[in-house]
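K.L.:
how would this look folded up:
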Amino acid sequence: MNNSPLGVSPPDQQAHELQRNLSNRHIQLIAIGGAIGTGLFMGSGKTISLAGPSIIFVYMIIGFMLFFVMRAMGELLLSNLKYKSFIDFAHDLLGPWAGYFTGWTYWFCWIVTGIADVIAISAYSQFWFPDIPQWTPALACVGLLLSLNLLTVKMFGELEFWFAMIKIVAICALVCTGFYMMGSAYQSSTGSVASLSNLWNDDGMFPHGVMGFFAGFQIAVFAFVGIELVGTTAAETKNPERNLPRAINSIPLRIIVFYVLALIAIMVVTPWRDVVPSKSPFVELFVLAGLPAAAGIINFVVLTSAASSANSGVFSTSRMLYGLAVDGDAPSKFSMLSRRAVPSNGLIFSCTCLLGGALLIYLVPNMLEAFTLITTVSAILFMCVWSVILLSYLAYRKKRDDLHRASTYKMPGGTTMAWACLVFFAFITALLALEDDTRQALYFVPVWFVVMGVSYRSIRRKKAQAVQLSYEVD
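P.N.:
Alright, predicted model coming up:
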């Protein structure tokens, strides 16, 4: 990112580079927040209805595979501290095309996800303020996130810390409430008794067979979008050799606590057949527990979860634009930092896209269909980004094996697990073709690849012409 051969910037240049202002506290909660998506709160009802109790294994398998993706990313980022994010090692190990594709695809992923979050925030706000125009909460949310992120990167860390804390408290409360009701043998109005046996006493753990089990993957994968967010903070993390491994190594524990135990708590209290797909099972469990304010509390939790996702999108898209601009793959104005070392131009552009995209989606007659489409597109493209991380790792093992041998944070399973994860993502993509609503998103992905290919060739041609012109001038 600079011309110094050792990657160390002179003092007058350091003011114009991203600063390492995120502490271990921030990184840990950013990683947790990235692993807990809005889909867990609102989408878990549908996944339970599709897969039954086997949905527990679905989340465990996805989490298991993504842990290895994160370990591969961690080893690569720590192999060269000049890498600011996964754009850099993709560019270095696979070639300029990979950096270009990864950066712009990740930017687009979060813009699409952010649009969905802004719409969700507007919808959740109607719970308390039904008479205000829908665009008001969207505008207020984006304006607030933009103004706070423009201050310092530490402000982003603080926002994400408290957003993540709210989600953690809500899930821990649900788990504790569920297991307390099980211990006290709570009996619902339908006559069902809270018991661990509810997981297997109604047609077993796989009530809908193998196809029902596979159907759970289609939605569950959306809940993990953003788990790689810690990789975009590498350039602004204090003591990355210590803090990044801590954040990544805690992923298995987070998956067990925040996904597996939460789903078990729901299904031991409410038999899986009684879970309503269109409602949040979190709300239903608290209502059963006799908490009349459950709807309002969970609405607040889900709203902050959506705000957390939008906040992550605003942060990561601005850093992606910064990295692309530094490499000459985006307009140079995005490489300019404010006096507080924040890529302000990228922040403003991304927030403008969020509002513009939200306006377009308001014009779509079928909002649910549009929401499903854009979240599926986002999930597919996120899997493309995860795959590039794995392909970069395979190239790293082939080209820089000396760095791998010297690494103190090696990826478990090495190249074998990298290939296994790539096959797994291909399998998930094939499953998305089974349903009409998710199949439509697959039609868009080739279009995005064509756009990336054409724009990349155009930029490379302009760069070659600029180099040729400079030679002629000399």
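
K.L.:
Can you pull out the low-pLDDT segments for the stretch 251-400 of the chain?
P.N.:
278, 292, 340, 357-372 (pLDDT under 70).

K.L.:
V69 versus T429, what's the distance?
P.N.:
Distance of T429 to V69, computed by CB to CB, to the nearest Å: 15 Å. Quick note: C-beta positions are derived from backbone N, CA and C, even for glycine.

K.L.:
how far away is W107 from F449?
P.N.:
For W107, the distance to F449 (CB to CB) stands at 15 Å.

K.L.:
between those two, who's got more neighbours?
P.N.:
The neighbour comparison of W107 against F449 (other CB atoms under 10 Å) goes to W107, with 25 against 13.

K.L.:
quick one: that one is in a strand?
P.N.:
No - under DSSP: H, G, I helix; E, B strand; the rest coil, W107 sits outside any strand and is assigned helix.

K.L.:
Excluding covalently adjacent residues, which one is nearest to it?
P.N.:
Closest residue to W107 apart from its sequence neighbours, by CB to CB, 6 or more residues apart in numbering: M320 at 4.4 Å.

K.L.:
One more: F213?
P.N.:
Counting by CB to CB, 6+ apart, F213 lies nearest to S54, which is 4.7 Å off, once chain neighbours are set aside.

K.L.:
Provide a list of residues in contact with L50.
P.N.:
Listed by CB atoms under 8 Å, 6 or more residues apart in numbering, the contact set of L50 reads H208, G212, A215, G216, I219.

K.L.:
in which helix or strand would I find it?
P.N.:
Using DSSP states H and E, L50 sits within helix 44-51.

K.L.:
how about the CA coordinates for that helix, as CSV?
P.N.:
In CSV, the C-alpha atoms belonging to helix 44-51 read as follows (Å, rounded to 0.1, in the frame of the first residue of the first chain):
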residue,chain,number,x,y,z
SER,A,44,-35.3,-19.4,12.2
GLY,A,45,-39.0,-20.2,12.2
LYS,A,46,-39.0,-21.0,8.5
THR,A,47,-35.8,-23.1,8.8
ILE,A,48,-37.4,-25.1,11.6
SER,A,49,-40.5,-25.8,9.6
LEU,A,50,-38.5,-27.0,6.7
ALA,A,51,-36.0,-29.2,8.4
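
K.L.:
now the helices for the stretch 301-450 of the chain?
P.N.:
Assigned by DSSP state H, counting those that start in this stretch, the stretch 301-450 of the chain shows helices spanning 344-362, 367-399, 401-406, 414-432, 436-473.

K.L.:
The longest one: which residues count as buried?
P.N.:
By neighbour count, and taking 16 or more other CB atoms under 10 Å as the criterion, the buried residues in helix 436-473 are T438, A441, V445, W448, M452, Y456.

K.L.:
Which element, helix or strand, includes the spatially closest residue to Y259 that is not a sequence neighbour?
P.N.:
Among residues not flanking Y259 along the chain, Y59 sits closest, at 4.3 Å (CB to CB, 6+ apart). Y59 belongs to helix 55-79 when elements are defined using DSSP H and E.

K.L.:
From the chain's centroid, how far away is that helix?
P.N.:
Centroid separation for helix 55-79 versus its chain: 13 Å, with CA atoms, centre = their mean, to the nearest Å.

K.L.:
Number the residues from 58 up from this point.
P.N.:
From this message on, residue numbering opens at 58, which makes the last subject helix 112-136.

K.L.:
Who are the packing partners of the next helix or strand after it?
P.N.:
Using DSSP H and E, the next helix or strand after helix 112-136 towards the C-terminus is helix 143-151. Applying 3 or more CB pairs under 8 Å, 6 or more residues apart in numbering; DSSP states H and E, one finds that helix 143-151 contacts helix 112-136, helix 153-182, helix 351-383, helix 424-456.

K.L.:
Check the average confidence over helix 143-151, would you?
P.N.:
The average pLDDT within helix 143-151 is 87.

K.L.:
if I look at the closest residue to P469 other than its chain neighbours, how far off is G102?
P.N.:
Distance criterion CB to CB, 6+ apart; nearest residue to P469, sequence neighbours excluded, is R128 at 6.3 Å. According to CB to CB, R128 stands 32 Å off from G102.

K.L.:
How about W167?
P.N.:
Distance from W167 to G102, by CB to CB: 26 Å.

K.L.:
So if I had to pick from these two, which one is more boxed in?
P.N.:
Taking neighbours as other CB under 10 Å, W167 and G102 compare with W167 leading, 31 against 21.

K.L.:
Let me have the helices of the stretch 358-507 of the chain in a markdown table, adding distance to G120 as columns.
P.N.:
What follows is these, written out as a markdown table (distance: least, CB to CB, whole Å):
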| stretch | distance to G120 |
| --- | --- |
| helix 401-419 | 28 |
| helix 424-456 | 13 |
| helix 458-463 | 25 |
| helix 471-489 | 12 |
| helix 493-530 | 21 |
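
K.L.:
Nearest to A155, out of those helices?
P.N.:
helix 424-456 (6.0 Å; CB to CB).

K.L.:
Show me which positions of the closest one end up buried.
P.N.:
By neighbour count with 16+ other CB under 10 Å, helix 424-456 contains the buried residues 427-454.

K.L.:
Please apply the same query to stretch 183-201.
P.N.:
Buried residues in stretch 183-201, counted by 16+ other CB under 10 Å: P194, A195, C198, V199.

K.L.:
and the helix or strand that the last one is a member of, average pLDDT?
P.N.:
In other words, V199. Using DSSP H and E, V199 falls within helix 192-206. In this model, helix 192-206 carries a mean pLDDT of 79.

K.L.:
just checking, what packs against that helix?
P.N.:
In terms of contacts (3+ CB pairs under 8 Å, 6+ apart), helix 192-206 is packed against helix 153-182, helix 210-240, helix 351-383, helix 401-419.

K.L.:
can I get the CA coordinates of that helix in CSV?
P.N.:
Taking Å, rounded to 0.1, in the frame of the first residue of the first chain, the C-alpha atoms of helix 192-206 are listed here in CSV:
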residue,chain,number,x,y,z
TRP,A,192,-38.8,6.7,4.2
THR,A,193,-38.3,8.6,7.4
PRO,A,194,-36.6,5.8,9.5
ALA,A,195,-34.5,4.7,6.5
LEU,A,196,-33.2,8.3,6.0
ALA,A,197,-32.6,8.7,9.8
CYS,A,198,-30.8,5.4,10.1
VAL,A,199,-28.4,6.0,7.2
GLY,A,200,-27.8,9.6,8.2
LEU,A,201,-27.0,8.5,11.8
LEU,A,202,-24.6,5.7,10.7
LEU,A,203,-22.9,8.0,8.2
SER,A,204,-22.3,10.8,10.7
LEU,A,205,-21.0,8.5,13.4
ASN,A,206,-18.7,6.5,11.1
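
K.L.:
quick one: it to chain centroid distance?
P.N.:
The answer for helix 192-206 is 20 Å, by CA atoms, centre = their mean.

K.L.:
which one of the buried residues of helix 493-530 is nearest G413?
P.N.:
Using CB to CB, these come closest to G413 at W505, 18.2 Å.

K.L.:
next structured bit after the helix or strand that contains V325?
P.N.:
Secondary structure assignment for V325, by DSSP H and E: helix 318-326. Scanning forward in sequence from helix 318-326 by DSSP H and E, the next helix or strand is helix 338-345.

K.L.:
what residues does that next one touch?
P.N.:
Residues from elsewhere that reach helix 338-345 (CB under 8 Å, 6+ apart): 98, 101-102, 105, 227, 231, 234-235, 238, 243, 245, 322-323, 326-327, 332-333, 351-352, 354-355, 358.
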